[in-house]
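# here is a sequence together with a model predicted from it:
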Amino acid sequence: MRGTAARTRATRIRHLHELIAALDRRVPHVERSGEALIARAAAVLRADALKRISDLEREAATDSVHSNVG
């Protein structure tokens, strides 16, 4: 069970890193209507993805510590 959870967590982390990379590659076009709103939404999404990665990595570390104890 732990192995499956670890693989799922690793996949989620990889996908979140891919999302962040895609957001970072995007070039804002300030001349376009609504672009400022899109840029702000992208920044919020990026911050949320980074927080989720941190949470998942903390879970992995906690699982690792618990599996080494028992």
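Done, it's in.
# helices or strands up against the host helix or strand of residue 9?
Using DSSP states H and E, the element containing residue 9 is helix 2-25. Contact here means 3 or more CB pairs under 8 Å, 6 or more residues apart in numbering; DSSP states H and E; on that basis helix 2-25 packs against helix 35-69. Glycine gets a C-beta too; all of them are placed from N, C-alpha and C.
# low-confidence ranges in the chain?
Applying pLDDT under 70 to the chain flags residues 1, 66-70.
# and with 90 instead?
1-3, 28-30, 60-70 (pLDDT under 90).
# for the helix holding residue 9, buried residues please.
For helix 2-25, burial by neighbour count (16 or more other CB atoms under 10 Å) applies to 9, 13, 16, 19-20.
# tell me which residues are up against it.
Helix 2-25 has contacts (CB atoms under 8 Å, 6 or more residues apart in numbering) with 42, 45-46, 49-50, 52-53, 56-57, 59-60, 63, 67.
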